[in-house]
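Q: Prediction below, plus the sequence it came from.
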Amino acid sequence: MESPLGFVFLISHFLTLAAALLDPIDFLALQSIRKGLSDLPGSNYFAAWDFTSDPCNFAGVYCDADRVVALNLGDPRAGSQGLTGRIDPAIGKLSALAELTVVPGRVYGALPPAISQLKSLRFLAISRNFLSGDIPASLGQLRGLRTLDLSFNQFTGSIPFAVGTLPALTNVVLCHNRLSGSIPPFVSETLTRLDLKHNDFSGDLPPLGLPASVQYLSLSWNRLTGPVDGILSRMEQLSYLDLSLNQFTGCIPSNLFSFPISSLQLQRNQFSGAVQPADQVTIPTVDLSYNRLSGEISPMLSTVQNLYLNNNRFTGRVPASMVDRVLSAGIQILYLQHNYLTGIEINPTVEIPVSTSLCLQYNCMVLPLQTPCPLKAGTQKTRPTEQCIQWKG
């Protein structure tokens, strides 16, 4: 029978062999990271992490020579259903690390400030876990960071000003947290995606605006205020815009409707004034509902497939071109309820295409035809006469 001393020597030999294949500092850091995390039930990701073998062969560990350059903790390709535990600060010892991701799971606790020691880090994505506390201001030291995705966690506090100064950012995804305060300026001229929805941000947008390079901008479900026309007018590369469920004020810039946007979401704010696109609008979905917009409805909006103008202060008659588009099934959704519209040129006997949803109720006109409306439109068909007289006056 082998002596205990011989067994210890054998284990030591294996550890020395494994460490010889990987930088000793990286080897010890991986051991600490492993001790802080464990598999969720049904997951076997860490089954392959046997430190008597070369860690560069572990699931989710990628090396260049003797250094760890990428770490995908809980790689789903290795059968992971998620991890639990805390991220050990030793992760900051992986000085050659360029990519760090953590699979969705139940990892909790703070994001270690030691991550700011990873000067080579380009990609940081830890989403759909239970990380909490502040976003470390020291992340502003990661001057080469391109992607920052900490979405669907429980972070609180504000976005550190230093994070906004990172010059190489292309993607910032911090949605579905509990972040608050104002949105800092972002200086990166390569920033293409900024997703901050479902937080508690307040105040105006940064006075210097956001980079003109932004293509995807989502700020919905916050408490943001102030005008946006000056900022949005310069962001001509936008392909997606969602500012819904805030408290933005002022007018909607007319040139916004000519941007290559697939979906324009401005509903449930306090935008006011007329809506006057310069040309026919080719954006498939435009939602301007629940604002304070007024004036007549522009015929330039007739080419929108899904158009939500309900719960505003629009007046006048529905454009004839819009009626034509409804009857030809060119418009799939046209919600005009809860305005002060005075008429629509449509034959009461005409049949609305099955593929089209048209709602006209609670305006200043007798409805020429009955069409199904959403439940939130209420049961009243026509606005009280005194309201119409008062608004017209």
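A: Noted; the coordinates are in hand.
Q: Tell me which residues touch the closest residue to L179 other than its chain neighbours, please.
A: Excluding the flanking residues, the one nearest L179 by Cβ to Cβ, 6 or more residues apart in numbering is N199, at 4.3 Å. The way it works is simple: take the backbone N, C-alpha and C, and place the C-beta from them, glycine included. Neighbour list for N199: L174, C175, H176, N177, R178, L179, S180, W221, N222 [criterion: Cβ atoms under 8 Å, 6 or more residues apart in numbering].
Q: switch to 10 Å and redo it
A: 155-156, 159, 174-181, 183, 219-224 (Cβ atoms under 10 Å, 6 or more residues apart in numbering).
Q: and what of D279?
A: S254, N255, F257, S258, M300, T303.
Q: And for the spatially closest residue to P136 that is not a sequence neighbour, the neighbour number?
A: Excluding the flanking residues, the one nearest P136 by Cβ to Cβ, 6+ apart is P113, at 4.2 Å. Each residue near P113 was counted by other Cβ atoms under 10 Å, and the total is 15.
Q: what pLDDT does P113 get?
A: P113 carries a pLDDT value of 97.
Q: In this structure it contacts L142, no?
A: No. Using Cβ atoms under 10 Å, P113 is not in contact with L142, being 11.5 Å away.
Q: Which ones among the contacts of D279 map onto helices?
A: Counting by DSSP state H, none of the members of those fall within helices.
Q: can you list the domains in the protein?
A: Using automatic domain parsing, the domains assigned to the chain come out as 14-95+104-118, 134-233.
Q: picking that back up, what subset of the contacts of N199 is buried?
A: 155, 159, 174-177, 179-180, 183, 219-222, 224 (16 or more other Cβ atoms under 10 Å).
Q: Please render the domains of the chain as a markdown table that adds distance to L288 to the earlier fields.
A: As requested, the domains of the chain are exported to a markdown table (distance: least, Cβ to Cβ, whole Å):
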| stretch | distance to L288 |
| --- | --- |
| domain 14-95+104-118 | 35 |
| domain 134-233 | 13 |
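Q: Mean pLDDT lowest where, among these?
A: domain 14-95+104-118 (a mean of 91).
Q: So what's the gap between that domain and the chain middle?
A: 28 Å (Cα atoms, centre = their mean, to the nearest Å).
Q: likewise stretch 294-304?
A: With Cα atoms, centre = their mean, you get 29 Å for stretch 294-304.
Q: How about it, which residues are buried there?
A: S294, E296, I297, S298, M300, L301, S302, T303, V304.
Q: residue boundaries of the helices in the protein?
A: 4-21, 24-36, 161-164, 229-232, 320-327, 385-392.
Q: Mind giving me the packing neighbours of the fourth one?
A: The criterion is 3 or more Cβ pairs under 10 Å, 6 or more residues apart in numbering; DSSP states H and E, and the helices and strands that helix 229-232 contacts are strand 247-250.
Q: Show me what counts as buried in the strand it packs on.
A: Buried residues in strand 247-250 (16+ other Cβ under 10 Å): F248, T249.
Q: got the contact list for that strand?
A: 202, 204-205, 219, 222-230, 266, 268-273, 291-292.
Q: Given that strand, what are its sheet partners and their directions?
A: strand 223-227 (parallel), strand 270-273 (parallel) (DSSP bridges).
Q: which of the residues in the top strand by length along the chain are buried?
A: Longest strand of the chain, by residue count under DSSP state E: strand 67-73. For strand 67-73, the neighbour count (16+ other Cβ under 10 Å) marks R67, V68, V69, A70, L71, N72, L73 as buried.
Q: Just put these in a markdown table and tack on distance to V318.
A: Output for these, formatted as a markdown table (distance: Cβ to Cβ, whole Å):
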| residue | distance to V318 |
| --- | --- |
| R67 | 66 |
| V68 | 63 |
| V69 | 60 |
| A70 | 57 |
| L71 | 58 |
| N72 | 54 |
| L73 | 56 |
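Q: Taking the residues you listed together, which two end up most distant?
A: With Cβ to Cβ as the measure, no two of these lie farther apart than R67 and L73, at 17.2 Å.
Q: Okay, and the beta partners of the spatially most central residue of the chain?
A: The centroid of the chain falls nearest to D195 when counting by Cα atoms, centre = their mean (3.3 Å). On the basis of DSSP bridges, D195 is bridged to V173, S218.
Q: That one and L174 touch, don't they?
A: Yes. Using Cβ under 10 Å, D195 makes contact with L174 at a distance of 7.1 Å.
Q: Overlap in contacts, those two.
A: D149, S151.
Q: was I right about S127 contacting D149?
A: Yes. Judged on Cβ under 10 Å, S127 makes contact with D149 at a distance of 5.3 Å.
Q: residues shared between the contacts of the two?
A: What both S127 and D149 touch, as defined by Cβ under 10 Å, 6+ apart, is the set T101, V173, L174, C175.
Q: which ones are touching the closest residue to D200 other than its chain neighbours?
A: In this structure, D200 finds its nearest non-sequential neighbour in S180, 4.3 Å apart by Cβ to Cβ, 6+ apart. Contacts for S180 (Cβ under 10 Å, 6+ apart) come out as T156, G157, S158, I159, N199, D200, F201, S202, G203, N222, R223.
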